[in-house]
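Engineer: Sequence first, predicted model second:
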Amino acid sequence: MESNFKPKPWTRNPHMQTIFSSLKIRATGGNPMVDCAEEIIVDGGNDVRLLGYYSVHPREIGRGLVLLIHGWEGSSDSTYIRSTGRYLFKKGYDIFRLNLRDHGNSHHLNEGLFHGVLIDETFNAARNIAHLSKDKPYHIVGFSLGGNFALRVALRHSASKIANLKHVICISPSLDPHKATVSIDEGFFVYRHYFVKKWKTSLMKKKAFFPDKYDFNEMLKLKTCMEITNAVIPQYTQFHDHREYFNNYTLLGDIFKDLSNPVTIIASEDDPVIPVDDLYSLCENNNMRLLIQRYGGHCGFLDPFPFGCWYERKIYDILESDEGDG
């Protein structure tokens with residue numbers, strides 16, 4: 001099994017790793033996963049519908065099913081999702097790329113607005129997608145905020161089992177969304193600009209489909225993620241302020257003490273968005289493995305730079321190890 005992430009010195013800059021991880025250049029070339037993908041609407045319970053894309057090997061020869069969950073304001077077509085999916089599909093795994101609510105081309109599917117606490121529908125979707133694996137291993141891989149969702153799915157699995165779930169793998173997961181939001185707003189200006197622009201675009205799409213329900217005109221004038229959070233959350237969710245909201249999907253301390261399924265977290269010490277101290281502060285659990293690297297940025301880990309990806313190879317190593325253990 002490949003050990004640690006050891007990029008060339010000139011590629012170690014965390015911003016370079018982070019920014020290039022999302023550039024379309026990484027996903028150039030043919031993609032057999034995308035070519036055979038079938039659009040599927042997944043039942044999230046309580047009339048919630050989530051959009052996904054299912055890529056299955058012909059004659060059902062796939063070695064198992066991998067569910068990929070993107071990060072905030074990403075989608076099933078994000079570069080890191082397409083790249084990881086392509087890599088694992090070529091290695092023999094069926095792939096399901098799930099869009100969280102109001103991500104990708106799914107704003108019209110549900111009247112309610114997306115927010116980070118919506119774990120019920122994500123868990124229900126993940127459990128329904130598991131049936132596509134039939135009797136083969138099922139794995140979940142989440143990125144950034146999608147990693148936070150994947151971790152909460154793993155926690156719920158401890159009490160309400162998901163068929164054939166073998167392993168949950170998270171890349172640069174957000175554990176404390178308040179800290180992550182502050183990091184975006186106060187760190188390298190590129191990240192604030194990127195997320196504010198993407199969020200405003202998403203809000204405008206939502207308003208276009210539900211003009212009688214939403215009015216974001218004043219919110220679109222705001223400059224930071226925290227300002228928009230403070231405006232949107234009290235008006236369009238059940239939470240009174242950002243602290244109550246963030247606390248409802250913060251994953252710190254001993255929250256994983258009852259974890260019953262293998263979970264691997266891959267993260268870097270130089271992540272410009274997610275403070276690595278949050279990972280080090282987690283209480284130990286025999287089912288959780290932390291692979292914290294010196295370099296890698298946020299969901300980067302590009303080597304050979306910029307087309308190769310260490311975490312894609314590491315995910316495959318983990319899946320191979322699971323098969324050996326099984």
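Structural biologist: Sure, I can see it. The structure presented is a predicted model; accordingly, all values stated were derived computationally and were not measured.
Engineer: In contact with the residue lying closest to Asn164 once chain neighbours are set aside, which residues?
Structural biologist: Distances taken as CB to CB, 6 or more residues apart in numbering put Tyr138 closest to Asn164, at 4.2 Å, once the chain neighbours are dropped. Glycine gets a C-beta too; all of them are placed from N, C-alpha and C. Residues near Tyr138 by CB atoms under 8 Å, 6 or more residues apart in numbering: Gly64, Leu65, Leu67, Ala130, Ile162, Ala163, Asn164, Leu165, Lys166.
Engineer: what's the longest helix along the chain packed up against?
Structural biologist: In the chain, ranked by residue count with DSSP state H as the criterion, the top helix is helix 189-209. Helices and strands touching helix 189-209, by 3 or more CB pairs under 8 Å, 6 or more residues apart in numbering; DSSP states H and E, are helix 14-20, helix 177-186, helix 225-236.
Engineer: Summarise which helices and strands the last one is packed against.
Structural biologist: To tie it back to what came earlier, the one meant is helix 225-236. helix 177-186, helix 189-209, helix 242-247.
Engineer: avg pLDDT for the first one?
Structural biologist: Averaged over helix 177-186, pLDDT sits at 97.
Engineer: Check which residues of that helix are buried.
Structural biologist: Pro177, His178, Lys179, Ala180, Thr181, Ser183, Ile184, Asp185 (16 or more other CB atoms under 10 Å).
Engineer: now, which of those residues sits nearest Asp278?
Structural biologist: Lowest distance from Asp278 to the buried residues of helix 177-186 (CB to CB) belongs to Lys179, with 7.0 Å.
Engineer: What about the residue nearest to that closest one when sequence neighbours are not counted, how many residues nearby?
Structural biologist: Closest residue to Lys179 apart from its sequence neighbours, by CB to CB, 6+ apart: Pro275 at 5.3 Å. Counted with other CB atoms under 10 Å, the neighbours of Pro275 add up to 18.
Engineer: and if you look at the one 5 residues further on?
Structural biologist: For Tyr280, the count of nearby residues is 11 (other CB under 10 Å).
Engineer: List the contacts of it.
Structural biologist: With contact set as CB under 8 Å, 6+ apart, Tyr280 has these partners: Ile292.
Engineer: got a pLDDT number for it?
Structural biologist: At Tyr280, pLDDT is 90.
Engineer: hang on, Ser75 packs against His103?
Structural biologist: Yes - shown here, Ser75 and His103 form a contact pair, counting by CB atoms under 8 Å, at 4.9 Å.
Engineer: So which of the two has more stuff around it?
Structural biologist: Neighbours of Ser75 and His103, each counted by other CB under 10 Å, are more numerous for His103; the result is 26 against 18.
Engineer: what's the spacing between stretch 140-155 and its chain's center?
Structural biologist: 6 Å (CA atoms, centre = their mean, to the nearest Å).
Engineer: now do stretch 81-101
Structural biologist: 12 Å.
Engineer: Now do the buried residues in it.
Structural biologist: By 16+ other CB under 10 Å, the buried positions in stretch 81-101 come out as 81-89, 93-101.
Engineer: Likewise for stretch 195-215?
Structural biologist: For stretch 195-215, by 16+ other CB under 10 Å, it's Phe195, Val196, Trp199, Lys200, Ser202, Leu203, Lys206, Lys207, Tyr214.
Engineer: which one of those sits closest to Arg59?
Structural biologist: Among the buried residues of stretch 195-215, Ser202 lies closest to Arg59 (CB to CB), at 39.0 Å.
Engineer: how far away is the closest one from Ser55?
Structural biologist: To Ser55, Ser202 is 25 Å away according to CB to CB, to the nearest Å.
Engineer: Please narrow the buried residues of stretch 81-101 to those residing in helices.
Structural biologist: Filtering these for helices - DSSP H - leaves Ile81, Arg82, Ser83, Thr84, Gly85, Arg86, Tyr87, Leu88, Phe89.
Engineer: would TSV of the residues you listed with distance to Pro304 and pLDDT be doable?
Structural biologist: Listed next are those as TSV, based on distance: CB to CB, whole Å; pLDDT from 0 to 100:
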residue	distance to Pro304	pLDDT
Ile81	20	98
Arg82	18	97
Ser83	13	97
Thr84	16	98
Gly85	20	98
Arg86	16	98
Tyr87	14	98
Leu88	19	98
Phe89	21	97
